[in-house]
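*Asks:* sequence unavailable; structure follows:
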């Protein structure tokens with residue numbers, strides 16, 4: 001299991017402090033892929049640039065292999081933040097499809113709405129247990145990625161959390177809602193910390209865009225409503 005797949009399962013199974021938007025999760029998944037590529041020595045981080053190495057990640061995971069194939073291999077190379085936005089586009093949907101195809105997610109035609117009338121929840125599998133083990137053991141990378149999208153604390157995996165999939169994956173916050181998040185990991189020479197800080201900053205930027213759009217939409221509605 002990759003860090004990205006572990007994160008996706010955690011996002012379904014652990015009660016978040018706020019609804020998890022698809023855009024937020026997609027950015028974090030792109031960061032998770034980059035951290036696994038770092039761990040596989042497929043890339044290095046030079047400042048804020050992703051520098052591919054000559055090697056390829058030793059993985060049979062199709063999505064991680066796809067991520068490696070999309071790296072910019074020409075100097076001056078791609079900035080971490082730019083990678084998150086480029087690779088992260090619709091990435092949560094790609095992971096959902098892959099996990100459903102692998103039998104790691106199941107659909108139930110009941111409960112809260114998600115995509116159509118389906119409700120997604122992780123299947124009882126060794127992969128789910130692996131994600132649970134990383135979460136309950138406070139894996140620092142998984143903790144930081146989860147915190148960036150609003151998943152905190154020690155609440156256990158459970159049906160109540162997975163039932164909120166439609167709400168969590170809505171991608172929208174309440175208009176004008178000011179959402180508190182944990183502080184970004186301090187930037188530094190450590191490549192993982194650089195990636196985690198970039199994920200946090202990107203999620204915060206996306207939240208700012210949502211709130212600005214909500215304010216603009218509210219102002220536009222007031223104009224049409226009149227005195």
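*Replies:* Received it, and whenever you're ready, just let me know what you need. As the structure is a computational prediction, the values presented were derived from the model and not from experiment. Numbering: from 1, shown residues only.
*Asks:* thinking residue 192 is in contact with residue 35, fair?
*Replies:* Yes - contact criterion Cβ atoms under 8 Å: residue 192 and residue 35 qualify, at 5.7 Å. No exception for glycine: its C-beta is placed from N, CA and C like everyone else's.
*Asks:* intersection of neighbour lists for these two?
*Replies:* Taking Cβ atoms under 8 Å, 6 or more residues apart in numbering as the criterion, residue 192 and residue 35 both touch residue 141.
*Asks:* and those two? Which one has more around it.
*Replies:* residue 35 (22 against 18; other Cβ atoms under 10 Å).
*Asks:* can you tell me how far that one sits from residue 18?
*Replies:* Counting by Cβ to Cβ, to the nearest Å, the separation of residue 35 from residue 18 is 23 Å.
*Asks:* next one: residue 2
*Replies:* Computed as Cβ to Cβ, the residue 2 to residue 18 distance reads 25 Å.
*Asks:* how about residue 40?
*Replies:* Residue 40 sits 32 Å away from residue 18, going by Cβ to Cβ.
*Asks:* pLDDT wise, what is residue 73 at?
*Replies:* Looking at residue 73, its pLDDT stands at 94.
*Asks:* show me the contacts for the closest residue to it other than its chain neighbours.
*Replies:* Leaving aside its chain neighbours, residue 73 sits nearest to residue 52 (5.0 Å; criterion: Cβ to Cβ, 6 or more residues apart in numbering). Counting by Cβ under 8 Å, 6+ apart, residue 52 touches 42, 43, 68, 71, 72, 73, 77.
*Asks:* so in terms of bridging, what pairs with residue 52?
*Replies:* On the basis of DSSP bridges, residue 52 is bridged to residue 43.
*Asks:* report pLDDT for it.
*Replies:* According to the model, residue 52 carries a pLDDT of 95.
*Asks:* gap between it and residue 46?
*Replies:* Distance, residue 52 to residue 46, by Cβ to Cβ: 11 Å.
*Asks:* which neighbours do these two have in common?
*Replies:* With Cβ under 8 Å, 6+ apart, residue 52 and residue 46 have common neighbours residue 77.
*Asks:* quick check: mean pLDDT across stretch 28-38?
*Replies:* Mean predicted lDDT for stretch 28-38 stands at 97.
*Asks:* please name the nearest non-neighbouring residue to residue 123.
*Replies:* residue 106 (5.1 Å).
*Asks:* again with residue 105
*Replies:* Nearest to residue 105 is residue 99, by Cβ to Cβ, 6+ apart, at 4.4 Å.
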